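Novice: Here is my input; please provide its structure:
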Amino acid sequence: MKSLEMLSKIALLAVNTEDFNNQMNNILQIIGKYTKVSRAYIFIDNEEGTATRNEFEWCNTDIKPQIDKLKDLQYSEIPSLRRILLEEGRLYCEDIQKLPQDIINILESQDILSIIIYPLIINNKMKGFIGFDECKTNKQWREKDLSILATISGIISNIYINRFNLLKIKELSSRDALTNIYNRRFILDTLEKDIDRYKEKNHPFSVSILDIDYFKKINDNYGHQAGDYILQEFTKTILNNIRKTDLLGRYGGEEFIIVTYDTLKNNTVKRISELLNVIRNTTYSYNSKSINFTFSAGICDVTDFSIEDISFETLISLADKRLYAAKDAGRDCIKYCE
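Specialist: Residues are numbered from 1 along each chain as shown. Model prediction:
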């Protein structure tokens, strides 16, 4: 395969955003077959840039995969690698014994003799790297081939930039603009997946709908900006009193929905009761004015239905029915059974 043909195939794959994992694996396979290296791989850094992990790997015949051993590589263990990549724009060595000792230590354990690594630059920051190992000989690369590999690293960086931007757009479209928690559409889409998971693997969950009591009075007495402030502060209080694994969304207006995973309504009631007690005993201050409020809640779980009757519509409907029962009972309370 000629270099232009390889670049053409990679460029065609680069525009395919349907299956990212398959896309990257195919690109590495094309690179590996063209260069005839022992191993080609992509590492992606964590958000803090303190560690990196092997996300994708292609290995030639008779070469041992290393991907499972390199899922948490701390840069503190190989400080020379990040420094060289940032300062020189690449790490290239036909004999790894000429490299700094901290790099030699990690490469020797993988039977690497020669290596080329290019940083992946995403939004002007190094977010990982693409590498090529030779494990059978001390290989000297032609400058032409090094230039092609540099071009490929740029293409892969652009793929990651596009993926980052798409995920960011998707994330923004799933968030409520005022509170920055998930919106109604995202919650309902997630509930459908949760129901499928429950039916397949019996992972239980419960649904709670919370409604701020007499919210209209807050708007009337203190203004709509105060109402927005209360919605934001209520969101923060909820987040501080549920697990990170639970899902919180704004269902609409002053209504919020919580999906509590791997637990049924009896345990969820305890948690929502604790949250209600926190709200009762919290005074919020807006423009030097003190605001107190409570909420009502309706709770149900998957065991309230037969398998055939579970849907996000039936879950929402029952939680909503119990919410209105809580309102009819005088508000500032929780209903979870008939």
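Novice: ranges for the helices of this structure?
Specialist: Under the criterion DSSP state H, the chain contains helices at 3-14, 20-35, 79-88, 101-108, 143-173, 184-201, 215-222, 224-240, 265-280, 312-328.
Novice: so which of those comes closest to D62?
Specialist: Smallest distance to D62 across those (C-beta to C-beta): 13.3 Å, for helix 20-35. To be clear about C-beta, it is placed using only N, CA and C from the backbone, and glycine gets the same treatment.
Novice: Of all the helices of the chain, which one is nearest E47?
Specialist: Closest to E47 of the helices of the chain is helix 143-173 (C-beta to C-beta; 11.9 Å).
Novice: What are the buried residues along the closest one?
Specialist: By neighbour count on 16 or more other C-beta atoms under 10 Å, the buried set for helix 143-173 is 148-149, 152-153, 156-157, 159-160.
Novice: ditto for stretch 307-316
Specialist: Buried, per 16+ other C-beta under 10 Å, within stretch 307-316: 310, 312, 315-316.
Novice: First-to-last residue distance for it?
Specialist: 16 Å (C-alpha to C-alpha, to the nearest Å).
Novice: Could you do stretch 329-338 as well?
Specialist: One end of stretch 329-338 sits 13 Å from the other (C-alpha to C-alpha).
Novice: pLDDT below threshold where in the chain?
Specialist: Along the chain, segments meeting pLDDT under 70 span 1-2, 15-18.
Novice: domains of it?
Specialist: 3-172, 184-335 (automatic domain parsing).
Novice: wait, which of those is closest to L178?
Specialist: domain 184-335 (6.0 Å).
Novice: Test my guess that I230 contacts K216.
Specialist: No. I230 lies out of contact with K216 (C-beta atoms under 8 Å); the separation is 11.8 Å.
Novice: of the two, who's got more company?
Specialist: I230 (20 against 11; other C-beta atoms under 10 Å).
Novice: Skipping adjacent residues, who's closest to the more buried one in space?
Specialist: Closest residue to I230 apart from its sequence neighbours, by C-beta to C-beta, 6 or more residues apart in numbering: I218 at 5.7 Å.
Novice: For that neighbour, give me its contacts.
Specialist: 212, 226-227, 230, 291, 293 (C-beta atoms under 8 Å, 6 or more residues apart in numbering).
Novice: Mind doing that once more with 7 Å?
Specialist: The contact partners of I218, by C-beta atoms under 7 Å, 6 or more residues apart in numbering, come to 226-227, 230, 291, 293.
Novice: Now render those residues as CSV, adding distance to R83.
Specialist: Formatted as CSV, the contacts of I218 follow (distance: C-beta to C-beta, whole Å):
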residue, distance to R83
A226, 52
G227, 52
I230, 50
I291, 53
F293, 54
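Novice: Mind listing what's buried along stretch 46-55?
Specialist: Buried-residue list, stretch 46-55, by 16+ other C-beta under 10 Å: 51-52, 54.
Novice: Out of those, which is nearest to R82?
Specialist: For these, the minimum distance to R82 (C-beta to C-beta) is 8.7 Å, reached by T52.
Novice: If that closest one is in a bridge, with which residues?
Specialist: Judged by DSSP bridges, the bridge partners of T52 are D45, L73.
Novice: List just the nearest of the buried residues of stretch 46-55 to L99.
Specialist: The nearest member of the buried residues of stretch 46-55 to L99, counting by C-beta to C-beta, is T52 at 17.2 Å.
Novice: and that closest one, what does it touch?
Specialist: Shown in contact with T52 (C-beta under 7 Å, 6+ apart): 43-45, 73, 75, 128.
Novice: quick check, nearest of the residues you listed to E255?
Specialist: E255 has its nearest neighbour among these in I44, at 38.5 Å by C-beta to C-beta.
Novice: so the closest one sits right up against N54, yeah?
Specialist: No. Taking contacts as C-beta atoms under 7 Å, I44 lies outside contact range of N54: 8.6 Å.
Novice: Between I230 and K216, which contacts overlap?
Specialist: In contact with both I230 and K216: no residue, using C-beta under 7 Å, 6+ apart.
Novice: Does Q140 touch D95 like I think?
Specialist: No. Using C-beta under 7 Å as the test, Q140 is too far from D95 to be in contact (9.6 Å).
Novice: What are the buried residues along stretch 113-127?
Specialist: Within stretch 113-127, the residues that qualify as buried by neighbour count (16+ other C-beta under 10 Å) are 113-122, 126-127.
Novice: and if you look at stretch 91-103?
Specialist: For stretch 91-103, a neighbour-count test (16+ other C-beta under 10 Å) marks 91-93, 96, 99, 103 as buried.
Novice: Stretch 79-87 too?
Specialist: In stretch 79-87, counting by 16+ other C-beta under 10 Å, buried: 81-82, 84-85.
Novice: As TSV, the buried residues of stretch 307-316 with distance to L191 would be great.
Specialist: Compiled in TSV, those are given as follows (distance: C-beta to C-beta, whole Å):
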residue	distance to L191
I310	10
F312	4
L315	7
I316	8
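Novice: Between the residues you listed, which sits nearest T268?
Specialist: Nearest member of these to T268, counting by C-beta to C-beta, is L315, at 12.7 Å.
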